[in-house]
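J.: need a 3D model of the sequence below.
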Amino acid sequence: MNNDVSASAAVAGLDLGETFTFDELVSAVQRRRRRRLRIVELVDLGDHDGLCAVWLMTDGEDLVLHAHSDSALHRQQFVLHELAHMILGHNFDDDPEAPDFLLPDIPRNTRRRLLRRQDLDTVEEVVAETLADRLAAAIRGSAMLRSRYLEIFG
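T.: Below you'll find the model as predicted:
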């Protein structure tokens, strides 16, 4: 499978065009998944934890928890990576190596997703980060177009 083509097709399916805002992207992901999406910063989560962000699925919503960063772009990249997993339809339910006896109070698919994040060289992680970069570029492009409009037309 050509991951570049599948990422392009996944983004095209959002019907956002070549540039869009972060909020437009979040709305499109919610529409596609037919689920509420909440994004929450965890101030106590940081680099020392080895986790920048995580996507959790409950029965009624998607939840992206992300670490604090002094850089708004860095925080955005954390979230875009998780949105990329959603856009690409990554399913972290099928990892037979995730032990069931760890974290027994956390649902199985969430537990597997958390444990799998330690392996950042998987195809899914690389493709998600690549797509997150593309999404960030489109968001920057949108900001640049809007600022040029304001420069020209005030």
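J.: thought residue 81 was touching residue 128?
T.: Yes: using CB atoms under 8 Å as the test, residue 81 is close enough to residue 128 to be in contact (5.5 Å). Where you see a C-beta, it was placed from the backbone N, CA and C, and this is true even at glycine.
J.: need the residues touching each of those two.
T.: Common contacts of residue 81 and residue 128 (CB atoms under 8 Å, 6 or more residues apart in numbering): none found.
J.: could you list the low-pLDDT ranges of the protein?
T.: For the chain, applying pLDDT under 70 flags the ranges 1-5, 46-50, 92-120, 144-154.
J.: helices of that one, residue ranges please.
T.: Assigned helices in the chain, in chain order: 3-12, 22-33, 72-88, 108-116, 123-153 (criterion: DSSP state H).
J.: quick one: closest of those to residue 58.
T.: Closest to residue 58 of the helices of the chain is helix 108-116 (CB to CB; 8.7 Å).
J.: on that earlier part again, do you know which of the helices of the chain lies nearest residue 52?
T.: helix 72-88 (4.5 Å).
J.: what's the local residue count around residue 18?
T.: As a burial measure, residue 18 scores 10 neighbours (other CB atoms under 10 Å).
J.: what sits against it?
T.: Contacts of residue 18 by CB under 8 Å, 6+ apart are 138, 141.
J.: ok, now how distant is it from residue 11?
T.: Counting by CB to CB, to the nearest Å, the gap between residue 18 and residue 11 amounts to 10 Å.
J.: and for residue 20?
T.: Residue 20 sits 10 Å away from residue 11, taking CB to CB as the criterion.
J.: before we move on, what about residue 123?
T.: 18 Å.
J.: these two: who's more crowded?
T.: Per other CB under 10 Å, whichever of residue 123 and residue 11 has more neighbours is residue 11, with 21 against 10.
J.: the more buried one - nearest residue in space that isn't next to it in sequence?
T.: residue 87 (6.6 Å; CB to CB, 6 or more residues apart in numbering).
J.: the one you found against residue 10, yeah?
T.: Yes: counting by CB under 8 Å, residue 10 is a contact partner of residue 87 at 4.8 Å.
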